[in-house]
Each structure stands twice: as structure tokens, then as C-alpha cells.
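Engineer: What follows is a predicted protein model with its sequence.
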Amino acid sequence: MRRLFPVTDETATRPAGTASGDAEATGAAPVGGRPAEDRDDREWSLQELAAAYAYPEPGPGAREPWLRANMVSSLDGAAQHEGRSQPISGTADMRIFGTLRGLADVVLVGAETVRQEGYRPARARAAFADLRKAAGQAPAPAIAVVSASLDLDFSWPLFTSPLAPTLVLTGAAAAPDRVAAAEKAGARVVIAGDGMGVDPDRAVRALADLGMTRLLTEGGPRLLGQLITAGVLDELCLTVSPTLTAGDAQRIAGGPSVAVPRRFELVSLLEEEGFLFSRYRRP
């Protein structure tokens, strides 16, 4: 894996004849303190990825909670192929996926994505056990499903056998029998809207009130569009897959457009086997 941004000796213009690993010749600092010969095309450890993707430290003026999204897109803008993201993903993308889950308190996901992707509970991973314990986190993140209708199969393992109880975010007007079914299955129902739907700002605040401030959403496109429109998204981790799909697949975000496009700032860019792993934050 190579770090392409911020600028290092891998991306800076070099004098003619300078070797790509010659940091002294270019005056560039080593990436993460690693030896020059160890920077290119190697598998980063999960600890290195966790450090690279760490949530901002709380402090004066810092935003808390912090909501980041993790999405994948083909070169021609498809967020899915035949209804699922797996066909445009890859091994390195799944390592980033696992790392982001390993850092999060809760994973926010739309009901349609739960149905299409066959969501299961997040699992505890030994590689993140010490890090999560030091941060006061549960062994694995909770899954929070956003659903207005509660049209979900509550016999799925996501609801019956999670390490942390699955949350269901819905509106105050949700059908009482569906709320009862969710609770009977062991889910925790959180009201985050006055009507049938969920208000994104209320959802974020409700999760924060439960002590979940490191938030991750994995979409789908409809939910991500709602979060963008509401102005609650702090960070986008976007994998650009070196694939072309054509067709009419959704983009990573759907729904009504914002009045004025929102500008985010590039924080980092990694590359492996043609996949680009970008991180953008709102200013």
C-alpha cells in the first residue's frame, strides 16, 4: 500500500536520477517513520491502518459526535453491481472496512442495505481488542438500523445474536406492533423523528446520548444522501474501485440534491492494486 497524500517523497517531484526511496536526497520525511525500502507495495498492519484512520481527538472546538461514511464506487460512479457492493470491492477495501468498524462505537445503516447485503452483527476482532478497551468501547460496534416502516426480519442473527444489542432508529409514528416485534427480538428501539421517518440530526444526537460518539455509516445511498442533505456528515472515506460496470446502478448518495454543493477537504489518499482509498473532511 502506498500513501499518495499528504505529499511525501513518493509523490514529490524528484531531481533527475534520484531514487524513489532516497528520502535524504529529496528532503522528504519518512512516511510514518518507516524505512524507505519498506514504504512501497507492502501490506500495512491493522495497527497502522487504525492509526491512519483514527477519529479526531475530542478537545476545545472539536465536533463530537463525529460521523464518517465508508463507501465504494466504481470508476463510472456505481455504488453497487446487481444490488450489492461486494462485486466492486476487493481485499484491501475489506481491510479498510474492517478497520473502520474496529474504530467505531456504532455502525449506522439503512434498512434496504440491511436487506440487500444480508447484514450480520459486527464481530469482535482480537487485533482491535486492546485499542477498544483503552477507548472504553464494547468489544464490537453496535449496528443501528434506520427504518421508518420497520419492515425487517427480526429473526435474523443481526437482531437475535449480536454482541451488542442492535439498535433500530425509527419515527414516533412507527407501527406499534412492529416496534413490539423489534423489542421482543432483543433490539433497542430509538425514536429519532416525530413522524414515520427518521430525522438525521436527531438520530446522531440520540446515538451520542447513548454514549456513541464515534459514528460510522455504511449507507446505503439513500441514507447517505439524507445525512448529506441534513449537514451532519463530517467525513467521507471513499474507495474508488478500478472497475467499470455501466448499467443504471445508484451513486454512493441519492435523494434530493443540496441547494449549494458542499466542499470537503482531502485528508489522505492511499493506493493498493489500483484501488484508491481517500478520506475527505468538511472544513
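Structural biologist: Nice, I can see it. Residues are numbered from 1 along each chain as shown.

Engineer: got the CA positions of stretch 134-147 in CSV?
Structural biologist: Provided in CSV are the C-alpha atoms of stretch 134-147 (Å, rounded to 0.1, in the frame of the first residue of the first chain):
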residue,chain,number,x,y,z
ALA,A,134,-8.4,1.6,26.1
ALA,A,135,-11.0,3.8,24.5
GLY,A,136,-13.8,2.4,26.8
GLN,A,137,-15.6,0.8,23.9
ALA,A,138,-17.5,-2.5,23.7
PRO,A,139,-15.7,-5.5,22.1
ALA,A,140,-17.6,-4.8,18.8
PRO,A,141,-19.6,-1.8,17.5
ALA,A,142,-23.4,-1.9,17.7
ILE,A,143,-25.4,-1.9,14.4
ALA,A,144,-28.0,0.8,14.2
VAL,A,145,-30.7,0.2,11.5
VAL,A,146,-32.6,3.2,10.2
SER,A,147,-36.1,2.2,9.2
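
Engineer: got the end-to-end distance for stretch 255-273?
Structural biologist: With Cα to Cα, to the nearest Å as the measure, the ends of stretch 255-273 fall 32 Å from one another.

Engineer: swap in stretch 146-154?
Structural biologist: Per Cα to Cα, stretch 146-154 runs 14 Å from first to last residue.

Engineer: Can you point out the buried residues in that stretch?
Structural biologist: Across stretch 146-154, burial judged by 16 or more other Cβ atoms under 10 Å covers V146, S147, A148, L150, L152, F154. Every C-beta, even on glycine, is put in place using the N, C-alpha and C of the backbone.

Engineer: Any chance of a markdown table for those, columns secondary structure?
Structural biologist: As requested, these are exported to a markdown table (DSSP: H, G, I helix; E, B strand; the rest coil):
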| residue | secondary structure |
| --- | --- |
| V146 | strand |
| S147 | coil |
| A148 | coil |
| L150 | coil |
| L152 | coil |
| F154 | coil |
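
Engineer: mind listing the helices for the stretch 151-283 of the chain?
Structural biologist: 157-160, 176-184, 200-209, 221-230 (DSSP state H, counting those that start in this stretch).

Engineer: Rebuild the buried residues of stretch 146-154 as TSV, extending it with distance to G90 and pLDDT.
Structural biologist: TSV is the format used below for these (distance: Cβ to Cβ, whole Å; pLDDT from 0 to 100):
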residue	distance to G90	pLDDT
V146	27	97
S147	30	96
A148	33	94
L150	34	95
L152	29	95
F154	33	94
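
Engineer: low-scoring stretches of the stretch 51-200 of the chain, by residue?
Structural biologist: Residues of the stretch 51-200 of the chain meeting the criterion pLDDT under 70: 59-63.

Engineer: And the strands in it, which stretches?
Structural biologist: If DSSP state E, counting those that start in this stretch is used as the criterion, the strands of the stretch 51-200 of the chain fall at 66-73, 106-110, 142-146, 167-170, 188-191.

Engineer: quick one: the longest one to chain centroid distance?
Structural biologist: From the chain centre to the centre of strand 66-73 is a distance of 4 Å (Cα atoms, centre = their mean, to the nearest Å).

Engineer: which helices and strands sit right next to it?
Structural biologist: With contacts taken as 3 or more Cβ pairs under 8 Å, 6 or more residues apart in numbering; DSSP states H and E, strand 66-73 sits against helix 91-103, strand 214-217, helix 221-230, strand 235-240.
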